Structures are given as structure tokens and as C-alpha cells.
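Colleague: what follows is a predicted structure for the sequence shown.
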Amino acid sequence: MTKSTPTQLRILWLTENYYPNKGGMAQSCDRIVHHLRADGVLVDVVHFTHHLTKTKIVSVQNGKNIAFAMHPDVSHSLNLVWSFIENYSQELAQTQNPAITHLVAFGGQVPMLAAPIFATWLRLPYVVLLRGNDFDTGIFSPKRQEILKNALLNAAHICVVSKDKMYKIKGLFAHASVSHIANGIDLNEWRLLASDKKKAQAWRNTHVTQVSTQKVWGMFGHLKSKKGVLFFLEALKLSGKLPQVHLLIIGDMTEAVAKFLEANADILHYTHYPFMERYALLPYYAACDLVAIPSYYDGLPNVMMEAGGLGVPFIAAKAGGMADFLEEGIHGHLFHPGNLDQCREAINQMFNLSANELQKMGANCKHLVQTQLNHHNETANYRQMFENTLSLQKKASDD
């Protein structure tokens, strides 16, 4: 009996978050697509964007990047996208190229709206790669909830990046097929060069000049309300340790955080930089003694992999992916989201650590990222999920 040739995976990937967009979701989308393509999966990305007036198509190895210029009328835009997909499917068949096997909805409301419809018309399975923000905002939004529910109820499979989302989705939609695939990072690319270490030391020499504020605690990323930055600053102030820390804040922050920094300028030492390109962050991570992730709720922040992969320990809330992977006293000190007393205790515990204890925690963080949050695991898990989904689809069709 001859073995059948495995079907070449070709994924039509719908997203609102892709390069050159900024932020964690765009970064994750770019990373996953890049490594799937490198692993031989064909991925055609349809990026719904408002930054172009004309659709732009670029052929790359193992796929296309299709930046689709969105019209203010979303329904008009999606009808145009469907026309493009129809033509593209016919072109693939005529040129004897592998056909589309899956659709993916990744990041944003428009992909969630479009994927169930396009997949039905194409008679293909679709997969929802659900990021923390899509679920957390969508499930409680009167405008977005119905779109989210429809997308999840009809998906062939749903992938989440933190286990709490898996339990929440299964609680709401008992028959949904859901799995947890953690984010990953390539530590061959994400590493400190000698120049980064030199810049880090130079930054500390320039900015951390007082003996009383030798500790540098970092907060990185789009620091919106859910990230708990204001809560953490208030806990730091109540602990009495605020004057003893130099805060390194990189990214967009809320008006409330800016007001707190201004109101406490007499006792507070901090440096703030606007959002930076990812690799520009390397020397700043290296300048930190620890990184704070005090989120009220979250997915699996890229900051956790980036800081941990460089050997920087954490003070963090047990929310989302932090609860899945970080262990109390091993990778830093943790607290329940929004629990002021626990946060203050974690702050005091971090202050009591010796340099050797901090270094050991940092080494534990690096080992965690190397072994559990690497890009090889992430890519292999996504590929396996796509193959399993296709196999189940074929089995259902045969039955």
C-alpha cells in the first residue's frame, strides 16, 4: 500500500496587525509567519491597512505579502478582498500551484468578521489565532462580542497564547476546539552584543548617578490601562521604595501615568522614551536589574520573552502567560493581579535580594525561554495544529 503524499500547506492569513505596524501583535504576527515560511509552509498574508491608498502585493519566499488598502466602508473593502481571493484561487489552479488549505484570522475585528464567511465560500477550514487583547476587549464589547462569538463558534480550531483564555473559551463554548500554543523567540537573533552591553553601562553611568537609586526597574511596550502601570507605581510609592528606584519606561503610556510621574517628580527618578524599534531595546533591557509586568489581564507579552531571554528577572502579576510560566521565587516575585498588599510584598522581596540572587533568577528566566518559549517549539506546534485540522477536515469530508 503506497503512502499518500502530504498536502502542501498553503494558508491565507487575514490580519490587521503586520509589519510595518508597531506593537506586540504585529511583532508576533510577523514572527510566526516568518518561521512558518522558513519551515516550508506557504503563507499569503492579507494585511488590512489604513496606511495605504492602493493595495500593494509583494512576492516573498513561500508566500505573498498583500497590504490591502481599506476603504472607510468595511463592507465595500471585504467585497473587494473576496474578489481578489476568488481570482487568486483561480490563478493558483491555472498555474498548478498548491491550493489554499486554510484561512487564519489573526488580530483585529475585520479578520474575525471575514474569516467565517470567506472560509464557507471557499469550503475550507479556518483557524482563529486569538491574542489576549482580541478576547479581553471583544467578549465584553457590545459592538464586538457578536463578531467574536461567531468567529469562535464556527472555527475549525482556536489557538490561544495563555491557558486562562483556553478555560474561558471552553467555559463559554463547550464544543469549541481550543489549544494553547505559547509564543516563542529566536535567541540566536535576540542576544546582546558587546556594543549593547557597553551602551547599557554608559546609560547607567549617565542616568543612575545617586547611590540611593542604584536599582533600575524597567517597563516596556504599549503601556495601556490593562498593563497595570499606574497600579504598580502606586504600590511602589506605598511601599516607601519609590525614591530608591530609577524607573526606565519605554513606550506609550496613559495620561494617568504621566500625571503620576509629574505629581511625584520630587521623589521619583525616571527616564521615559517613546516606543522604539525592537532591536533598539536591547541595551535598555541590559541596563535593567528587573522588568515589571503588573498587568491586570494579558496574553503572553513579548516583553516576557525578550527580557527573560536576556537573563532579566521579573516582578510580575500572575496574569495570562506570566501565570503559565513564571514561578514564585524562581523567576522573580509574583502577585495576584490588582492585589495591592501582595504587590507591595513582592516589591519588598525584590529589594531584599542580593546581586547573586538576582543573577540566579535571571539565569532561570533565560533557561525558561531557551527551553519552553523558543521559536522552534512555537513553529512546530502551529504546523502540527494546521496538519491536524486539515486531517480532521478530510476525514469529515470522507464520512
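Modeller: Looks like it came in fine.
Colleague: hey, let's count contacts and neighbours off CA atoms from now on
Modeller: Will do.
Colleague: other SSEs contacting the helix or strand containing M112?
Modeller: Assigned by DSSP states H and E, M112 falls within helix 109-122. Where contact means 3 or more C-alpha pairs under 8 Å, 6 or more residues apart in numbering; DSSP states H and E, helix 109-122 is packed against strand 10-15, helix 74-94, strand 102-106, strand 126-130, helix 145-154.
Colleague: switch the cut-off to 10 Å
Modeller: If you count contacts as 3 or more C-alpha pairs under 10 Å, 6 or more residues apart in numbering; DSSP states H and E, helix 109-122 packs onto strand 10-15, strand 42-49, helix 74-94, strand 102-106, strand 126-130, helix 132-138, helix 145-154.
Colleague: quick check: buried residues in the least confident helix or strand in the chain by mean pLDDT?
Modeller: Ranking every helix and strand in the chain by mean pLDDT, DSSP states H and E puts helix 132-138 at the bottom, with a mean of 87. Buried positions in helix 132-138, judged by neighbour count with 16 or more other C-alpha atoms under 10 Å: G132, N133, D134, F135, G138.
Colleague: CA atoms only for it - export them in PDB, please.
Modeller: C-alpha atoms of helix 132-138 as PDB (Å, rounded to 0.1, in the frame of the first residue of the first chain):
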ATOM      1  CA  GLY A 132      -5.200  38.200  24.600                       C
ATOM      2  CA  ASN A 133      -6.400  41.600  23.600                       C
ATOM      3  CA  ASP A 134      -8.900  40.300  21.000                       C
ATOM      4  CA  PHE A 135     -10.600  38.200  23.600                       C
ATOM      5  CA  ASP A 136     -10.400  40.600  26.600                       C
ATOM      6  CA  THR A 137     -11.800  43.500  24.700                       C
ATOM      7  CA  GLY A 138     -14.200  41.600  22.400                       C
END
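Colleague: from R10, how far out is the closest residue to N348 other than its chain neighbours?
Modeller: Counting by C-alpha to C-alpha, 6 or more residues apart in numbering, N348 lies nearest to S239, which is 7.3 Å off, once chain neighbours are set aside. Relative to R10, S239 is positioned 54 Å away (C-alpha to C-alpha, to the nearest Å).
Colleague: ditto for N205
Modeller: 51 Å.
Colleague: cool, and L36?
Modeller: L36 sits 10 Å away from R10 when distances are taken as C-alpha to C-alpha.
Colleague: overlap in contacts, those two.
Modeller: The contact sets of L36 and R10 overlap at L42, V43, N62 (C-alpha atoms under 10 Å, 6 or more residues apart in numbering).
Colleague: just put these in TSV and tack on pLDDT and distance to N377.
Modeller: TSV is the format used below for those (pLDDT from 0 to 100; distance: C-alpha to C-alpha, whole Å):
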residue	pLDDT	distance to N377
L42	98	19
V43	98	19
N62	97	20
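Colleague: tell me the buried residues in the longest helix along the chain?
Modeller: Scanning the chain for the longest helix, with DSSP state H as the assignment, gives helix 375-398. For helix 375-398, burial by neighbour count (16+ other C-alpha under 10 Å) applies to 375-379, 381-383, 385-387, 389-390.
Colleague: relative to strand 10-15, how tilted is it?
Modeller: Orientation check (axes from the mean of the first three to the mean of the last three C-alpha atoms, to 10 degrees): helix 375-398 against strand 10-15 gives 110 degrees.
Colleague: which elements pack onto helix 375-398?
Modeller: So helix 375-398, by 3+ C-alpha pairs under 10 Å, 6+ apart, packs with helix 24-38, strand 102-106, strand 126-130, strand 157-160, strand 178-180, helix 355-372.
Colleague: could you dump the ones you listed into CSV with mean neighbour count added?
Modeller: Output for these, formatted as CSV (neighbours: other C-alpha atoms under 10 Å):
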stretch, mean neighbour count
helix 24-38, 19
strand 102-106, 26
strand 126-130, 26
strand 157-160, 22
strand 178-180, 19
helix 355-372, 19
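Colleague: output the ones you listed in JSON lines; the columns should cover mean pLDDT and distance to H50.
Modeller: Converted to JSON lines, the helices and strands packed on helix 375-398 look like this (pLDDT from 0 to 100; distance: least, C-alpha to C-alpha, whole Å):
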{"stretch": "helix 24-38", "mean pLDDT": "95", "distance to H50": "14"}
{"stretch": "strand 102-106", "mean pLDDT": "97", "distance to H50": "17"}
{"stretch": "strand 126-130", "mean pLDDT": "97", "distance to H50": "22"}
{"stretch": "strand 157-160", "mean pLDDT": "97", "distance to H50": "27"}
{"stretch": "strand 178-180", "mean pLDDT": "97", "distance to H50": "31"}
{"stretch": "helix 355-372", "mean pLDDT": "97", "distance to H50": "35"}
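Colleague: closest one to L281 among these?
Modeller: Closest of the helices and strands packed on helix 375-398 to L281 is helix 24-38, at 13.5 Å (criterion: C-alpha to C-alpha).
Colleague: so that closest one versus strand 102-106, what angle?
Modeller: Using the same axes, to 10 degrees: helix 24-38 against strand 102-106 is 160 degrees.
Colleague: who are the packing partners of helix 24-38?
Modeller: Checked by 3+ C-alpha pairs under 10 Å, 6+ apart, helix 24-38 has strand 10-15, strand 42-49, strand 102-106, helix 302-309, helix 375-398 packed alongside it.
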